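S.K.: Model the following, please.
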Amino acid sequence: YATLSLSDTASLPTDQVTSAKGSSLFVRGGATFAFPALRTYDSGDRFAANPILRAEDANSRLDLSGITNWVGATGQFAALDLSARAGGQLSLPHLTEITQGYSRATAEGPGSRIDFSRLTVLNGQQWEAKNGGQILNPVLRHSSYSVLILRDTAQLNLATLTNLTGSSLYATGGATMTFPLVSSYEGGALNSQTLLADNPGSALVFPSLTRFVGATAQFRQTSIQALHGGRIQLPLVTSLGEGFTSFASADAGSRMELPNLTALLGTTFEAARGGTFDCPQLVQVLNSALTKRGPDSVLPTEKLTTVS
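M.R.: All right, here's what the predicted structure looks like:
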């Protein structure tokens with residue numbers, strides 16, 4: 001539960017450090033802070049604790065490449081924050097999964113990078129890349145009950161993901177998040193989720209997804225939103241009705257694209273403030289709610305033959 005900080009051309013011997021439980025580590029000013037003997041990082045279980053691992057400024061590097069076991073914060077209201085800022089780099093290349101405790105990883109600014117190059121499984125965590133930062137995750141396959149946020153020109157690899165159970169997804173500031181290998185989405189029974197595309201040019205794209213299941217627990221919901229010119233594309237989905245789900249397209253230029261959808265069961269659609277639903281094949285609506293607000297909003301009902 002210590003705090004270690006290294007700046008500029010200073011030195012601090014850490015070659016023999018084998019335990020850093022609950023500790024915060026900072027590097028800035030172009031320095032390299034390495035912990036070659038550290039194999040496990042455990043954030044600890046203290047109430048509301050917030051340990052921080054941060055690399056800040058160009059050429060600054062926090063090298064944790066020896067770590068193979070990871071435990072995020074486990075105390076109530078606690079979180080472990082990992083961040084690379086203003087060109088800093090945080091290296092965790094030998095971790096293969098993060099499934100214990102709670103961690104938030106943020107890469108912010110051009111040249112900033114967090115290296116998870118061997119990570120395949122993410123469970124119950126939050127990742128955010130913004131302002132040109134990069135989270136390096138070339139082999140990530142499973143994201144469950146996690147939050148993935150991509151903003152503007154930042155980089156986050158999504159091409160290898162096959163599972164998104166219970167995960168929330170946010171594309172904002174013109175970012176596009178595409179999931180070519182995800183064939184089904186399930187909200188799960190643990191929490192509520194948000195799938196959001198916000199701002200012009202922002203998009204969530206699911207070219208292979210054929211089955212969408214919302215949150216299944218009582219008082220939980222999966223909310224899908226295209227706002228302020230954002231787009232959500234689900235071109236292969238033909239029916240919606242499993243789990244608790246709401247869809248909203250609001251503001252001019254926003255589009256919810258469901259070109260092959262034919263049936264709704266227990267689902268909410270709302271078009272508002274000029275938002276558009278592209279669902280020209282919709283013919284059946286059962287136990288659902290369709291809401292159109294404003295003259296410029298689009299929610300096609302011309303082909304409806306069954307409403308109950």
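S.K.: Every contact and neighbour count from this point should use C-alpha atoms.
M.R.: Fine.
S.K.: pLDDT averaged over the helix or strand containing Ala248 - what is it?
M.R.: Element membership of Ala248, judged by DSSP states H and E, is strand 245-250. Averaged across strand 245-250, pLDDT comes to 97.
S.K.: and that strand, what does it pack onto?
M.R.: Using 3 or more Cα pairs under 8 Å, 6 or more residues apart in numbering; DSSP states H and E, the elements in contact with strand 245-250 are strand 211-215, strand 222-227, strand 255-257, strand 267-272, strand 276-278.
S.K.: As JSON lines, those with mean neighbour count, distance to Arg61 and mean pLDDT would be great.
M.R.: Output for these, formatted as JSON lines (neighbours: other Cα atoms under 10 Å; distance: least, Cα to Cα, whole Å; pLDDT from 0 to 100):
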{"stretch": "strand 211-215", "mean neighbour count": "21", "distance to Arg61": "40", "mean pLDDT": "93"}
{"stretch": "strand 222-227", "mean neighbour count": "26", "distance to Arg61": "37", "mean pLDDT": "97"}
{"stretch": "strand 255-257", "mean neighbour count": "26", "distance to Arg61": "41", "mean pLDDT": "98"}
{"stretch": "strand 267-272", "mean neighbour count": "21", "distance to Arg61": "47", "mean pLDDT": "97"}
{"stretch": "strand 276-278", "mean neighbour count": "24", "distance to Arg61": "46", "mean pLDDT": "98"}
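S.K.: Tabulate those (TSV), appending distance to Leu62.
M.R.: Listed next are those as TSV, based on distance: least, Cα to Cα, whole Å:
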stretch	distance to Leu62
strand 211-215	38
strand 222-227	37
strand 255-257	42
strand 267-272	46
strand 276-278	46
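S.K.: out of those, nearest to Ser91?
M.R.: Among the helices and strands packed on strand 245-250, strand 222-227 comes nearest to Ser91, with 33.6 Å by Cα to Cα.
S.K.: centre of the chain versus stretch 83-98, how much separation?
M.R.: Centre-to-centre, stretch 83-98 and its host chain are 16 Å apart (Cα atoms, centre = their mean, to the nearest Å).
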